[in-house]
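> Could you look at this predicted model? Sequence included:
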Amino acid sequence: MAGTDTTSSTLSFCIWDLTKDSGLQDELYKEISKVDKDLDDLTLDDVFECFPKLRSFLFEVLRTKGPGVFLFLEPTEFIEFQGEIISPRTTICSLLRWGETKSEVPLGPNGEGPDEYCPRRWLVPVQEEGNTTDQQSLIIPSTKLGGFISAFGHGPRICPGKQLAEVEILTILIFILKTFEVAAMKDHPPLKVVTRFSETFDREMKLTLRSRLQQS
């Protein structure tokens with residue numbers, strides 16, 4: 001249930017964002033096209049290592065529009081938090097989305113702060129012999145390096161399906177972007193985000209898919 005709802009919601013958020021940014025679509029398409037392998041032959045390592053721009057986009061969607069908005073926790077013993085003593089069985093509501101906009105994350109290429117959405121936030125230029133190249137490497141969010149993303153939880157309660165969910169979303173996006181240009185149908189009504197089992201859209205997306213193969 002959780003893997004189905006949360007993964008599909010995140011994928012929907014990704015696709016909807018792509019419909020509003022054709023430049024990002026083209027940028028990701030070029031990255032995907034540079035990988036000289038059939039989609040069916042991609043390995044797990046290929047998916048995680050060959051598409052830094054795509055993963056940066058996914059990280060930012062998870063950070064700003066992840067399927068979980070809050071998390072309820074209860075301590076099993078007395079704990080101290082920011083100078084306050086919290087008793088066992090006290091319900092603590094962790095505001096994940098709010099926390100993401102206040103946390104320390106890398107600035108975007110144009111100085112975008114944590115309260116702004118920036119799909120290129122998690123990229124840094126590759127340096128070779130002191131010179132900046134056109135290549136970009138990926139910053140992996142972590143508690144040690146900054147930019148921790150709470151969508152999958154943390155510590156002993158981290159989601160065991162984290163990598164599975166990420167590779168599912170990336171694989172589907174790779175196939176879509178390699179094959180189609182995606183756009184919302186003409187006069188598409190606005191989509192609102194609602195909370196059900198997870199955060200999701202209040203209605204179906206209606207899309208148009210234009211084959212890239214017909215253009216080549």
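In hand now; what should we look at?
> name the element the residue nearest to the spatial centre of the chain belongs to?
Compute the mean C-alpha point of the chain, and by C-alpha atoms, centre = their mean the closest residue is L58, 2.7 Å away. Secondary structure from DSSP states H and E places L58 in helix 52-65.
> ditto for C159
Following DSSP H and E, there is no helix or strand that holds C159.
> re earlier: tell me how far the residue nearest to the centre of the chain lies from L73.
26 Å (C-beta to C-beta, to the nearest Å). To be clear about C-beta, it is placed using only N, CA and C from the backbone, and glycine gets the same treatment.
> Quick check: buried residues in the helix or strand of the chain with the lowest mean pLDDT?
Here the helix or strand of the chain ranked lowest by mean pLDDT, DSSP states H and E is helix 96-100, holding a mean of 70. In terms of neighbour count (16 or more other C-beta atoms under 10 Å), helix 96-100 has its buried residues at 96-97, 100.
> Would you map the strands across this protein?
For the chain, strands defined by DSSP state E occupy the ranges 70-73, 79-81, 84-86, 92-95, 123-128, 131-138, 180-184, 193-195, 199-201, 207-211.
> Mean pLDDT added to those strands, as TSV?
Rendered in TSV, the data for the strands of the chain read as follows (pLDDT from 0 to 100):
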stretch	mean pLDDT
strand 70-73	76
strand 79-81	88
strand 84-86	92
strand 92-95	78
strand 123-128	82
strand 131-138	76
strand 180-184	95
strand 193-195	84
strand 199-201	85
strand 207-211	94
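> possible to save those strands as CSV with distance to A165?
CSV is the format used below for the strands of the chain (distance: least, C-beta to C-beta, whole Å):
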stretch, distance to A165
strand 70-73, 17
strand 79-81, 29
strand 84-86, 31
strand 92-95, 20
strand 123-128, 21
strand 131-138, 18
strand 180-184, 21
strand 193-195, 19
strand 199-201, 15
strand 207-211, 22
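> Identify whichever of these lies nearest to G23.
Taking C-beta to C-beta, strand 180-184 is the member of the strands of the chain nearest to G23, at 11.8 Å.
> any idea of the pLDDT on Q82?
On the pLDDT scale, Q82 is placed at 83.
> do K186 as well
Looking at K186, its pLDDT is 93.
> what number of residues lie near it?
Other residues near K186 come to 7 when the count uses other C-beta atoms under 10 Å.
> just D17 next, same as before
D17 has 18 neighbours, counted by other C-beta under 10 Å.
> That one: what's it in contact with?
24, 57, 61, 65, 119 (C-beta atoms under 8 Å, 6 or more residues apart in numbering).
> again, only using 10 Å
24-25, 57, 60-61, 64-65, 117, 119 (C-beta atoms under 10 Å, 6 or more residues apart in numbering).
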